[in-house]
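Colleague: Provide a 3D model corresponding to the input given below.
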Amino acid sequence: MAPESSTPLLNGQPWLSIVGIGEDGLAGLGELARQAITEADFVFGGKRHLELAGTAIRGESKPWPQPFDSAMQAVLTLKGYKVCVLASGDPFFFGVGVTLARQLSKQDYRVYPAPSAFSLAASRLGWALQEIETVSLHGRALDLIRPLLHPGRKVIALTSDADGPAQLAKLLTKTGFGSSRLTVLEALGGTREAIRSTLARDFSLSEVDPLNVVALEVQSEATARVLPLGFGLPDDLFEHDGQITKREIRAVTLSALAPRRGELLWDIGAGSGSIGIEWMLAHPSMQAMAIEHRSERAARIRRNAQNFGVPALQLIEGRAPDALAGLPEPDAIFIGGGGSGDGVLQAALTALKPGGRLVANAVTLEMEQILLNAHSQWGGSLTRLSIDRAEPVGRMTGWRPAMPVTQWIFSKPED
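Modeller: Numbering: from 1, shown residues only. Below is the predicted model of the structure:
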């Protein structure tokens, strides 16, 4: 309930202040940020945030509910009152400011950011922030760090809790990066600040502060699972049963799909999930949905997505075209296995966004005929792809052809 002295604001001024606060508390805030806290009728934040700002709060303190309401409805329902939300560091770098901004107009709020944990860590280490990778593992899958593990590179990762650094060290050691130097930076900016360093394989740090970031100087052993940039990753990096778009064909297919930042791909008849996984590896903003009806292959796709650091790959267990009903409209579609099923191609073309791209591969005569008919009816382009590999022939070596692939590429006209 609003306090009796509170009056809804009707003068068009921002009703919400989003204040980034560090471990140095009020001492690290500017005058306007402190004023926003003091003048607020309601101040939201974690218990730690509210304690850091305690002497400046005059209104009602509102700790975040447990479990956390990701939609932040308690804040939004107070529109019209003076409300302040406290956040760690920069509210728009993996912070609550992003969540609120998606639901409000720019006229509704004013932001007072503080240095992010990434900025503080880089400054302590003397690292150029623009030259390193940053990732938030706070409340997110640890596997997200896998695509960033390239020898000689530096990474700063925000963890969830005191156990985060140990779990990260365990993952690094398991995947062949145990010789990487791991620096744990704790409670940056506050009186408890501490910086400790060790090799991942030797990790034995105890009593780690729950507020920590981990800085990595990546080094790899010969067995390390390094995920190269670019399309056409080696087939043996994927777990598969033979139902996989081979690396050379996969590289050509992804080039034809022409990924653009933030787009959604449907991978129909996903098999091992290789197309959707490489699509998502192209950029952190990419999204993919793998449609696969065989349960053992679906389980394999889940494992591959985890091992490639793209746990957000969405798996739809079912048979197309029925499994496509109600899915978000895709920007691009790949049809591999299962494309010869009744109504699959037509359903995909109907669902595809105007201006979207569809790529379908055929190795069977039945699927090839479907693509020939599609090309005749809708246009697009047809390509025949053939790969020969050198293999032993007795005591000598000869070329052994793989099954040729017919590929149809189609761009849906704009409305």
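
Colleague: Which parts of the stretch 301-415 of the chain are helices?
Modeller: 344-351, 365-378 (DSSP state H, counting those that start in this stretch).

Colleague: just the chain next, same as before
Modeller: Under the criterion DSSP state H, the chain contains helices at 31-39, 47-52, 73-76, 96-101, 117-125, 164-174, 247-257, 274-281, 295-307, 344-351, 365-378.

Colleague: Run through this structure and note the low-pLDDT ranges.
Modeller: 1-12 (pLDDT under 70).

Colleague: I'd like the helices of the chain laid out as JSON lines, including mean neighbour count and distance to L144.
Modeller: In this view, the C-beta of every residue, glycine as well, is placed from N, C-alpha and C. Shown next, in JSON lines, are the helices of the chain (neighbours: other Cβ atoms under 10 Å; distance: least, Cβ to Cβ, whole Å):
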{"stretch": "helix 31-39", "mean neighbour count": "17", "distance to L144": "31"}
{"stretch": "helix 47-52", "mean neighbour count": "17", "distance to L144": "25"}
{"stretch": "helix 73-76", "mean neighbour count": "16", "distance to L144": "27"}
{"stretch": "helix 96-101", "mean neighbour count": "18", "distance to L144": "17"}
{"stretch": "helix 117-125", "mean neighbour count": "20", "distance to L144": "15"}
{"stretch": "helix 164-174", "mean neighbour count": "20", "distance to L144": "11"}
{"stretch": "helix 247-257", "mean neighbour count": "20", "distance to L144": "21"}
{"stretch": "helix 274-281", "mean neighbour count": "27", "distance to L144": "11"}
{"stretch": "helix 295-307", "mean neighbour count": "18", "distance to L144": "10"}
{"stretch": "helix 344-351", "mean neighbour count": "19", "distance to L144": "29"}
{"stretch": "helix 365-378", "mean neighbour count": "15", "distance to L144": "36"}
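
Colleague: In CSV, list the helices of the stretch 301-415 of the chain along with distance to L104.
Modeller: CSV is the format used below for these (distance: least, Cβ to Cβ, whole Å):
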stretch, distance to L104
helix 344-351, 32
helix 365-378, 43
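
Colleague: Can you say which of those helices is nearest to A288?
Modeller: helix 344-351 (14.6 Å; Cβ to Cβ).

Colleague: between that closest one and helix 365-378, how big is the angle?
Modeller: Taking axes from the mean of the first three to the mean of the last three Cα atoms, to 10 degrees, helix 344-351 and helix 365-378 form an angle of 40 degrees between their directions.

Colleague: Would you format the helices of the chain as a markdown table with distance to I156 included?
Modeller: What follows is those, written out as a markdown table (distance: least, Cβ to Cβ, whole Å):
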| stretch | distance to I156 |
| --- | --- |
| helix 31-39 | 25 |
| helix 47-52 | 21 |
| helix 73-76 | 29 |
| helix 96-101 | 19 |
| helix 117-125 | 5 |
| helix 164-174 | 12 |
| helix 247-257 | 29 |
| helix 274-281 | 20 |
| helix 295-307 | 22 |
| helix 344-351 | 40 |
| helix 365-378 | 47 |
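
Colleague: between those, which gets nearest to G394?
Modeller: Per Cβ to Cβ, nearest to G394 of these: helix 247-257, 25.7 Å.

Colleague: just checking, what packs against that closest one?
Modeller: In terms of contacts (3 or more Cβ pairs under 8 Å, 6 or more residues apart in numbering; DSSP states H and E), helix 247-257 is packed against helix 274-281, strand 332-335, strand 357-362, strand 381-385, strand 405-411.

Colleague: can I get these in CSV with distance to P311?
Modeller: Formatted as CSV, these follow (distance: least, Cβ to Cβ, whole Å):
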stretch, distance to P311
helix 274-281, 10
strand 332-335, 20
strand 357-362, 25
strand 381-385, 31
strand 405-411, 29
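
Colleague: how about these, which one is nearest R124?
Modeller: helix 274-281 (30.5 Å).

Colleague: close enough to count as contact, R250 and S274?
Modeller: Yes. Here R250 lies in contact with S274, judged by Cβ atoms under 8 Å, at a distance of 5.9 Å.

Colleague: quick one: common contacting residues for those two?
Modeller: Here R250 and S274 have L233 as joint contacts, going by Cβ atoms under 8 Å, 6 or more residues apart in numbering.

Colleague: Out of the helices of the chain, which gets nearest to M289?
Modeller: helix 274-281 (7.3 Å).

Colleague: rewinding a little: would you mind saying which of the helices and strands packed on helix 247-257 lies nearest G164?
Modeller: Counting by Cβ to Cβ, and looking across all of the helices and strands packed on helix 247-257, nearest comes helix 274-281 at 23.3 Å.

Colleague: From the contact counts, what lies against the closest one?
Modeller: By 3+ Cβ pairs under 8 Å, 6+ apart, helix 274-281 packs against helix 247-257, strand 264-268, strand 287-292, helix 295-307, strand 332-335.
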